[in-house]
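Asks: Based on what follows, work out the 3D shape:
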Amino acid sequence: MLSEDKKQEFIGALTQKIRANGRSEACPMCGNEKFLMVDACLVNVLQPDVKSVTLTGASIPTLAIICDNCGYLSQHAVGALGVSPT
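Replies: All right, here's what the predicted structure looks like:
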């Protein structure tokens, strides 16, 4: 589970990236401005093709944000935020 300090670091980095591009922090689906953050990083394992599924190999760690109104889920690559996942 992510510590409160790490969550705040992720939120700060994401907010900075959003504002730097002049974008709104509102949900793109419903316009709500309140979000929940999943309490851990997700790991998306890259698949060699669509015919088989593997659980190991190269992966992309992501931070997941959920709109607390409509449930819209967005994932943000941890590396692009410049924050260490640990």
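
Asks: report the longest strand in this structure, please.
Replies: When the chain is parsed with DSSP state E, its longest strand is strand 59-67.

Asks: Tell me the helix or strand right after it.
Replies: strand 73-77 (DSSP states H and E).

Asks: who does that next one pair up with?
Replies: strand 59-67 (antiparallel) (DSSP bridges).

Asks: Mind listing what's buried along the strand it pairs with?
Replies: Residues of strand 59-67 classed as buried by neighbour count (16 or more other Cβ atoms under 10 Å): 62-63, 65, 67. Just so you know, the C-beta spots here come from the backbone N, C-alpha and C atoms, and that holds for glycine as well.

Asks: quick one on the thing from earlier: show me the contact partners of the longest strand of the chain.
Replies: 10, 14, 27, 29-30, 32, 34-38, 41-46, 72-79, 81, 85 (Cβ atoms under 8 Å, 6 or more residues apart in numbering).

Asks: Packing partners of whatever helix or strand Lys6 lives in?
Replies: Element membership for Lys6, per DSSP H and E: helix 4-20. If you count contacts as 3 or more Cβ pairs under 8 Å, 6 or more residues apart in numbering; DSSP states H and E, helix 4-20 packs onto strand 35-37, strand 59-67, helix 78-81.
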